[in-house]
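Student: Sharing a sequence plus its predicted fold:
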Amino acid sequence: MRRNESAERRDITLFQWIVLALAILVLATYLLRSWLLDDASWRLTERQMWTERMQRNVMLAHVQWLARGRPATIHFSAEQGKMASPIIMTKRGWPMADCENLWQRLVTVESPANIAVAATDGGCIWSLKGIKLFSYTEATGQVSR
């Protein structure tokens, strides 16, 4: 009789361990999945913010160019309190496509190391891990995703 009770207890204990392991596995999967999705959402928001900053600051540079009498170069600061940096403007009043420097002057966020910039005919394309973030066309001042 005791052998049967002992065997039943071992079976129940084994069953409890299996249930516990499955519960931990499900919980870990859920937490990992939600953490990864939150990270992807955060990255998308960050990319949208960069694009919107570029769009806004291209327009502000154009407005400043108009207000100052259409000079060849303006001194532009995207953030108050920061020292203005010179930006060469086109004849139509858009920032010249100096692709390497436009990010620092107009987006004003430290450029992540894995962002690639490519000069095109009259513009620039910024990409992150092979995915296009946005492009800029100096002839029209257009920033597009």
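Tutor: Great, that's in hand.
Student: going forward, measure contacts and count neighbours with C-alpha atoms only.
Tutor: Will do.
Student: Can you pull the poorly scored residue ranges out of this structure?
Tutor: 1-12, 34-40, 81, 109-111, 113 (pLDDT under 70).
Student: For it, just list every one of the helices.
Tutor: 2-67, 99-102 (DSSP state H).
Student: tally of neighbours for Glu100?
Tutor: 14 (other CA atoms under 10 Å).
Student: check contacts around the residue lying closest to it once chain neighbours are set aside.
Tutor: Spatial nearest neighbour of Glu100, excluding adjacent residues (CA to CA, 6 or more residues apart in numbering): Val117 at 7.0 Å. By CA atoms under 8 Å, 6 or more residues apart in numbering, Val117 lies in contact with 99-100, 124-127.
Student: and stretch 98-110, which residues are buried?
Tutor: Residues of stretch 98-110 classed as buried: 99, 102-103, 105-108 (neighbour count, 16 or more other CA atoms under 10 Å).
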